[in-house]
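Visitor: Quick one, structure for this:
(2 chains, ligands or ions: 2)
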Amino acid sequence: MTQHDNLKILITPIGSIPGHQLEAIAAAVKDHFTIKTAIENSLQDIEFAFDTERSQYHSTSILEALQELVPDNTLKVIALVEVDLFIPILTHVYGEAQLGGKACIVSTHRLKENLKSVSIEPDLTQRLIKEAFHELGHTFGLLHCKDPTCIMHYCRSIRDVDRKSKNFCRYCDIMLQDALKKELKT
Amino acid sequence: MLKTKILIVDDELIMRESLGGWLERDGHEIKKASGGEEALEIMKKTRFDVLLVDIKMEGMSGLELLKIVKERDPDVDVVMITAFGSISTSIEAMKNGAFDYLLKPFDPNELGVLIEKIVENKAQALENLYLREQHKEITRFESMIGQSKAIRTIFEMIQDIAPMESTVLLTGETGTGKGLAAKAIHTHSARNQGPFMSINCGAIPEHLMESELFGYQKGAFTDAKENKKGRLELAHGGTLFLDEIGEIGMRMQIDLLRVLEDRVFYRVGGTQPIQSDFRVIAATNRNIDEAIKNGSFREDLFYRLNVISLEIPPLRERKDDVPLLAEQFLFRFTQETNKAIEKIHRDTIDEMMMYEWPGNVRELENAIERAVVVCKGQIIMPEDLPIFKHKTTPGPGIGSLKDMEKNHILNILAENDWNIALCARILQIDRSTLYKKIKAYDLKKED
Ligand SMILES: [Zn+2]
Ligand SMILES: [Zn+2]
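Guide: Ligands and ions are numbered 1, 2, ... in the order given. I've put the predicted structure just below:
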């Protein structure tokens, strides 16, 4: 067993994210990033990040707290939250990642937009998976991609999220594989 | 590389950080300043495409900064960041040349659309510049000449390398004649009946590079009215020379690597694999090791290119060749201008031998060209050469870094007959920066 066989990507819910959604994400991430995944509770209390004036949570400070908590064998950690996230300069964000770092976060809050209540479940899961891939991509140092079908494309709207594929384009895939190789070596 | 350079000016750390982080993910190059004074200081060293400026700041206000920046460089796009309640100031900012303003906190889409608009404008400007300059791009000195030991070694190596099919990486300072060496390798190879295709990766905007290299299929994009062969295809049976290879972006690096590995590629919008048989010679004046270390150049591509490497020496290391090269240039320029100049004076030669020639052979060529124009008699005298005109003893006020910079720029300009592109290259700054400095120091061309 080589050392990196122990390395994993941690998927950590904050709040009540349905189990089947977590499992769908874990399976998809494992498939795409070819690294083991685990669903575990880590950071639970994020009230410190709550901004009373804006009634939103500051994602950057959640990421900092998250990064402090992750165990050594964790290559990346992705937190899933239901609350609405922001960074100070913007009205809201779907998620945030530490570029080339360890932690990222995705919120389901705005991903629920425009969903017909009947079919909420399956679509939301797909959106979550896409956003999770995207933010994880950032933690591997990937930047936004101009190819609108690529998962690293920055989406302006939920419609764009639905439109883009779950795949990395050829270029982003090569850069991801490079980053994986590099990170697993060290 | 052609990243958009953005400077964020805001006195609130958290705003700078959050905006900077956001834009970094978009692949832009970000610098941050905590106020107007710091921004102006940073702008002395780097030229930015976009400034994002908070209107309300301690010390110099955003509006003041806008005015100064626009006066110094009207081409910089300045976007004002304003808080609720300061709309009137924003309107004043627009009157003073701001590109637009954003009310904070802003919607990510709004910011995205705005930055995209600016980036597109910039790409268009670059493309226009490229199309204009493309016609001017001519290599004047047609063949490598010299008798120095250094250049004879290069000749021998070229003879040895030429018959091989291996990829060659040429290194050396700007103006040393890497393009000529590439041509010489081609000429002495078995491919000399085939084409010699050259592309300057540093001069061509990234979005044009793909279609230039790979060609395109009719209908691949709006302007693709016909099928077009790219340079890879046109190089079939010959040699492909990739100049300034260190300047290419990540995507193109990935594409090139694939071509070099498989020798197969596709036209843009094409599905038919195209095979082309060419030998690659690449050249760079950049320190590629450095670029590999910081991740901006792929190591695997470097190894593909660097099968054989050849370093072309700077002119100062082959000064024995200066008289011969000078004679050669003199002959050509007198022919071109129909001037009856017989020779170069001994003293002029002596002066030339003492000079370091930072712009190398190209600088020498330009110097002789200018000398031929200004020379009144039949012999080129030292004062006919631009390089010696400004080699004056330091006057009063010289001592500060600024004065040094001013004088140095003036010397380089004079030496190279105010050829801005060349001078910028010698000074290793971009053209726009050079223009700024010329303006800031109020430098004027002497006659
Ligand atoms: Zn992103
Ligand atoms: Zn991509």
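
Visitor: Kindly state the beta-bridge partners for residue A:36.
Guide: As for beta bridges, residue A:36 partners with residue A:8 under DSSP bridges.

Visitor: What about the spatially closest residue to residue B:191 that is not a sequence neighbour, how many residues nearby?
Guide: Once flanking residues are discounted, residue B:191 sits nearest to residue B:238: 5.2 Å by CB to CB, 6 or more residues apart in numbering or on different chains. C-beta: built from backbone N, CA, C; applies to glycine. Around residue B:238 there are 20 other residues, counting by other CB atoms under 10 Å in any protein chain shown.

Visitor: Now for residue B:196, how many residues are close by?
Guide: So residue B:196, with other CB under 10 Å, has 20 neighbours.

Visitor: Equivalent analysis for residue B:109, please.
Guide: Number of residues near residue B:109 (other CB under 10 Å) recorded here: 15.

Visitor: wait, doesn't it sit right on residue A:157?
Guide: Yes. Using CB atoms under 8 Å, residue B:109 is in contact with residue A:157, at 7.3 Å.

Visitor: for the residue in the stretch 201-350 of chain B positioned nearest to ligand 2, helix, strand, or coil?
Guide: For the stretch 201-350 of chain B, the residue closest to ligand 2 is residue B:251, as judged by CB to the ion, at 8.9 Å. Following DSSP: H, G, I helix; E, B strand; the rest coil, the label given to residue B:251 is helix.

Visitor: any weak-confidence spans in chain A?
Guide: A:1-5, A:114-122, A:186 (pLDDT under 70).

Visitor: Which residue would you name as the spatial centre of it?
Guide: The centroid of chain A falls nearest to residue A:132 when counting by CA atoms, centre = their mean (3.1 Å).

Visitor: any idea which element it lies in?
Guide: Element membership of residue A:132 [criterion: DSSP states H and E] is helix A:120-139.

Visitor: Wondering if that helix reaches chain B at all.
Guide: Yes. Using CB under 8 Å from any CB of the partner chain, helix A:120-139 reaches chain B at residue A:138.

Visitor: For that helix, name the packing helices and strands.
Guide: In terms of contacts (3 or more CB pairs under 8 Å, 6 or more residues apart in numbering or on different chains; DSSP states H and E), helix A:120-139 is packed against helix A:19-33, strand A:74-81, strand A:95-97, strand A:103-107, helix A:158-163.

Visitor: how about a cut-off of 10 Å?
Guide: Using 3 or more CB pairs under 10 Å, 6 or more residues apart in numbering or on different chains; DSSP states H and E, the elements in contact with helix A:120-139 are strand A:8-14, helix A:19-33, strand A:74-81, strand A:95-97, strand A:103-107, helix A:158-163, helix A:170-185, helix B:13-25.

Visitor: Quick check: which of those is nearest to ligand 2?
Guide: helix A:170-185 (3.3 Å).

Visitor: Mean pLDDT per helix and strand in chain B: which one sits at the bottom?
Guide: Within chain B, no helix or strand scores below helix B:386-389, which has a mean of 67 by mean pLDDT, DSSP states H and E.

Visitor: tell me the most buried of the helices and strands packed on helix A:120-139?
Guide: Counting by mean count of other CB atoms under 10 Å in any protein chain shown, strand A:103-107 has the highest mean neighbour count of the helices and strands packed on helix A:120-139, with a mean of 28.

Visitor: Mind giving me the packing neighbours of that one?
Guide: With contacts defined as 3+ CB pairs under 10 Å, 6+ apart, strand A:103-107 has these neighbours: strand A:8-14, strand A:56-58, helix A:59-69, strand A:74-81, strand A:85-86, strand A:95-97, helix A:120-139.

Visitor: got those as JSON lines, with distance to ligand 2 columns?
Guide: As requested, these are exported to JSON lines (distance: least, CB to the ion, whole Å):
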{"stretch": "strand A:8-14", "distance to ligand 2": "20"}
{"stretch": "strand A:56-58", "distance to ligand 2": "29"}
{"stretch": "helix A:59-69", "distance to ligand 2": "23"}
{"stretch": "strand A:74-81", "distance to ligand 2": "19"}
{"stretch": "strand A:85-86", "distance to ligand 2": "24"}
{"stretch": "strand A:95-97", "distance to ligand 2": "15"}
{"stretch": "helix A:120-139", "distance to ligand 2": "9"}
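
Visitor: Quick one: closest of these to residue B:330.
Guide: Closest of the helices and strands packed on strand A:103-107 to residue B:330 is helix A:120-139, at 59.2 Å (criterion: CB to CB).

Visitor: and that closest one with helix A:59-69, angle?
Guide: Helix A:120-139 runs at 70 degrees relative to helix A:59-69, counting by axes from the mean of the first three to the mean of the last three CA atoms, to 10 degrees.
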